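Undergrad: quick check, what structure comes out for this input:
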Amino acid sequence: MSDTPARLLKLLSLLQTPREWPGGELAERLDVSPRTIRRDVDRLRDLGYPVEASRGSVGGYRLVAGAAMPPLLLDDEEAVAIAVGLRAGAGHAIEGVDEASVRALAKLEQVLPSRLRHRVSALQNATVPLTRGDGATIDPRTLTTLASAATGRERLRFAYRSGDGTRTKRQVEPYRLVSTGQRWYLVAYDLDREDWRTFRVDRVGEPHATGARFAPRPLPVEGAGSDAGSGDAAKFLARSMRRMKPELCLDVWFGAPAEFVAARLPAHLGTPEPDGEGACRLRASCTDSLEWVALRLALVDCEFSAHGPPQLVAYLESLGARLTRASLAPAPAPAPAPEGGAARNRTGPGPGPVPGHPGTGAPGG
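TA: Take a look at the predicted model:
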């Protein structure tokens with residue numbers, strides 16, 4: 001292989017396979033001399049790829065972990081697998097990997113060949129995820145369109161459905177995507193309303209970039225500027241949600257260690273603090289519904305008692321009484337058996353033959 005750039009890419013692809021490659025085998029694969037392999041390995045090292053060489057009668061090479069993440073070469077199957085996985089992670093606001101999934105998916109789909117993009121879409125459309133049910137499912141293509149426009153500072157048009165069902169057309173300058181762990185939100189400047197708005201992404205339809213570029217406006221958050229990051233967008237979203245929903249000031253005691261409780265609570269509800277041996281207490285504010293908060297507290301799966309706010313205490317008392325009545329309710333009486341030979345004389349399909357039962361056509365013994 002005389003084309004040096006092509007040979008380097010092929011060599012890199014081989015080295016990214018998790019095994020050690022003898023120099024002679026690499027030379028045979030690439031149809032070059034072992035000396036050329038050594039020079040090519042040095043070129044890869046100069047480009048930042050950490051290639052490790054082993055000594056001995058049969059020297060070998062392998063790619064190891066370095067201080068930085070080097071570019072990866074993917075074959076068709078690997079690219080499709082990663083894209084499908086990223087779409088699954090991005091489409092459901094999974095805490096800890098949600099924003100990274102969208103960024104990585106946007107980068108990958110930008111360079112994904114059309115034939116592979118079609119395969120990814122086919123796999124996505126043919127599968128149905130079983131989700132927790134406490135968050136909205138979003139088409140990953142919507143997320144990547146919004147993320148790409150925000151990154152490229154390109155204006156967006158989309159259809160939007162408000163909470164009361166009103167449908168409108170919006171033209172915005174996208175700023176950031178923010179995940180709450182349950183839902184995705186877009187923070188953007190609405191050109192028609194000449195003000196900043198937050199949009200639930202699961203209510204966004206038919207988004208497309210207009211091609212018009214814009215200079216970023218300062219976000220109306222203290223300390224935010226044109227180069228503000230996602231933290232400022234999160235603060236803006238939290239402030240907007242507090243204005244739209246009543247705030248709940250939680251005060252809840254748990255009969256379990258703080259680490260146990262924190263691992264089972266959504267991060268945005270805050271971090272419980274130790275409160276005596278084997279117990280902890282959560283004091284935090286949120287704008288979630290009473291029903292959702294009560295459910296999440298129960299799902300921690302340990303003893304707990306709510307001390308505030310009063311409406312949460314009252315709702316838990318009502319819910320507890322309802323669940324107790326449900327557990328004590330008598331089972332419904334079985335339906336009466338059909339009279340006479342009605343069951344035998346009915347028309348239409350009936351139960352299949354019972355093996356060994358006289359008159360069913362099965363051998364009776």
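Undergrad: kindly list the longest helix within the protein.
TA: Determined from DSSP state H, the single longest helix within the chain is helix 310-328.
Undergrad: just checking, what packs against it?
TA: Identification of packing neighbours for helix 310-328 by 3 or more C-beta pairs under 8 Å, 6 or more residues apart in numbering; DSSP states H and E yields strand 248-254, helix 290-298, strand 304-308. The C-beta positions use only the backbone N, C-alpha and C, and glycine is treated the same way.
Undergrad: looking at the ones you listed, which one is packed in the most?
TA: Using mean count of other C-beta atoms under 10 Å, the stretch among the helices and strands packed on helix 310-328 with the largest mean neighbour count is strand 248-254, at a mean of 18.
Undergrad: now do that one: which elements does it pack against?
TA: Counting contacts by 3+ C-beta pairs under 8 Å, 6+ apart, strand 248-254 is packed against strand 280-286, helix 290-298, strand 304-308, helix 310-328.
Undergrad: buried set for the last one?
TA: Using 16 or more other C-beta atoms under 10 Å as the test for burial, helix 310-328 gives 312, 315-316.
Undergrad: what ranges do the helices span in the stretch 1-150 of the chain?
TA: 4-15, 23-30, 34-46, 76-91, 98-111, 114-126, 140-152 (DSSP state H, counting those that start in this stretch).
Undergrad: as a markdown table, those with distance to residue 234 and mean neighbour count would be great.
TA: What follows is the helices of the stretch 1-150 of the chain, written out as a markdown table (distance: least, C-beta to C-beta, whole Å; neighbours: other C-beta atoms under 10 Å):
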| stretch | distance to residue 234 | mean neighbour count |
| --- | --- | --- |
| helix 4-15 | 38 | 16 |
| helix 23-30 | 48 | 16 |
| helix 34-46 | 40 | 15 |
| helix 76-91 | 18 | 18 |
| helix 98-111 | 10 | 18 |
| helix 114-126 | 28 | 13 |
| helix 140-152 | 14 | 21 |
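Undergrad: compare these and give me the one nearest residue 263.
TA: Smallest distance to residue 263 across the helices of the stretch 1-150 of the chain (C-beta to C-beta): 18.0 Å, for helix 98-111.
Undergrad: does residue 233 touch residue 176 like I think?
TA: Yes. Between residue 233 and residue 176 there is a contact at 3.6 Å, judged by C-beta atoms under 8 Å.
Undergrad: residue 187 belongs to a helix?
TA: No. Assignment of residue 187 by DSSP: H, G, I helix; E, B strand; the rest coil gives strand, placing it outside any helix.
Undergrad: make sure residue 240 is indeed in a helix.
TA: Yes. Membership of residue 240 in a helix is supported by three-state DSSP.
Undergrad: number of nearby residues for it?
TA: Residue neighbour count, defined by other C-beta atoms under 10 Å, stands at 16 for residue 240.
Undergrad: tell me the spacing between it and residue 160.
TA: For residue 240, the distance to residue 160 equals 15 Å [C-beta to C-beta, to the nearest Å].
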